[in-house]
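Peer 1: quick one: sequence and predicted model below, then my questions.
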Amino acid sequence: MKHQIYPGILIGGLVIALWAVSAGADDKEKNGTYISIKASEPVLIRQLMGPVVNSVNGVPAEPVDGFNWAGSAIRTTEGKARINVDPVANTGSINAEWEDEYGYWTFQQTMFMPPNHPTGARIGSSRDTITMVEGDPITTNVYLHGDTGAGAPLVPTVFNLLATWGPVKVTLNGEPFDNPFDGPAPMWIGHTMLSEGIRDANGAVRTTSGEVYDMTRGSEGQTYPDDLVFHLAFHDMPGPDMNTSVPPVWSFFYQVAFNNVQVKVRHKD
């Protein structure tokens, strides 16, 4: 099932309500389409796999499984996220907060920059024609990951109503949680996705044959079009050196997903 962002259409049953609001005369926004998201009910997707080799401000960096495809370490927590973006002008803000065993986190983003790979794949004039989106840091209605060539196969090929990339500021317990791996700026690389579901009721990512997913099976992943999830991750720049974490190309990777999502689309002419 292919979702579209249309005013007045219900997507995903009780999971998401999508509606349109006409901008008032005193609205200072320029003509365009504005997407607002409220998300709650976060789950942590991070598992320590052994004795800590590296850490950042006391938070383990290696060896950490940042995807836990089997779902054994998925755990609920408290938190919320607010997203307000203009996908045409590539402007807006993302603010999120949540808690884990290390304390209270915040994620703040006001700048958007594309990664060094396509930011989405779209079906063209026929199902056999694929168009790759290039250089767009806020994309809508695109496929990502899996075997699309738009992002690594860290999760199955998944349809996104919205996806973003760019530098983010992170705090932990009110103090800056700076990126020590990439200089001179202390900011992390942020990536968010508003996508159909990728985990089953037990939290596992699976193939269409029911086995636990892994990165070698990018063309076999199972997704859940009747679900909707807001994914949020931050990490350093991928390096040439491999480590024992999952994924192994980043020195630090953190991911949280929000399972209760409301989306509002506002049009101003």
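Peer 2: Good, I have the coordinates.

Peer 1: next SSE after the lowest-mean-pLDDT helix or strand in the chain?
Peer 2: Taking mean pLDDT, DSSP states H and E as the measure, the helix or strand of the chain with the lowest value is strand 18-22, at a mean of 35. Under the assignment DSSP states H and E, the closest C-terminal helix or strand after strand 18-22 is strand 32-44.

Peer 1: need the contact partners of that next one.
Peer 2: Residues outside strand 32-44 that contact it (Cβ atoms under 8 Å, 6 or more residues apart in numbering): 5, 74-89, 92, 96, 98, 100, 140, 162, 194, 203, 230, 256-268. Any C-beta I mention is one placed from the backbone N, CA and C, and that applies to glycine too.

Peer 1: one more: stretch 184-193?
Peer 2: 83, 94, 107, 109, 115, 144, 158, 160, 162-170, 176, 178-180, 229-237.

Peer 1: buried ones in it?
Peer 2: The neighbour-count check on stretch 184-193 (16 or more other Cβ atoms under 10 Å) flags M187, W188, I189, G190, H191, T192, M193 as buried.

Peer 1: got phi/psi on R217?
Peer 2: Main-chain dihedrals, R217, degrees, to the nearest 10: phi -120, psi 40.

Peer 1: next: the one 5 residues further on.
Peer 2: Main-chain torsions, Q222, degrees, to the nearest 10: phi -100, psi 140.

Peer 1: surely it meets E211?
Peer 2: No - the pair Q222 / E211 is not scored as a contact, 9.6 Å apart, by Cβ atoms under 8 Å.

Peer 1: those two: who's more crowded?
Peer 2: Q222 (18 against 13; other Cβ atoms under 10 Å).

Peer 1: residues in contact with that one?
Peer 2: So Q222 contacts P156, I198, D200, V205, R206, T207, T208, G210, Y213 (Cβ under 8 Å, 6+ apart).
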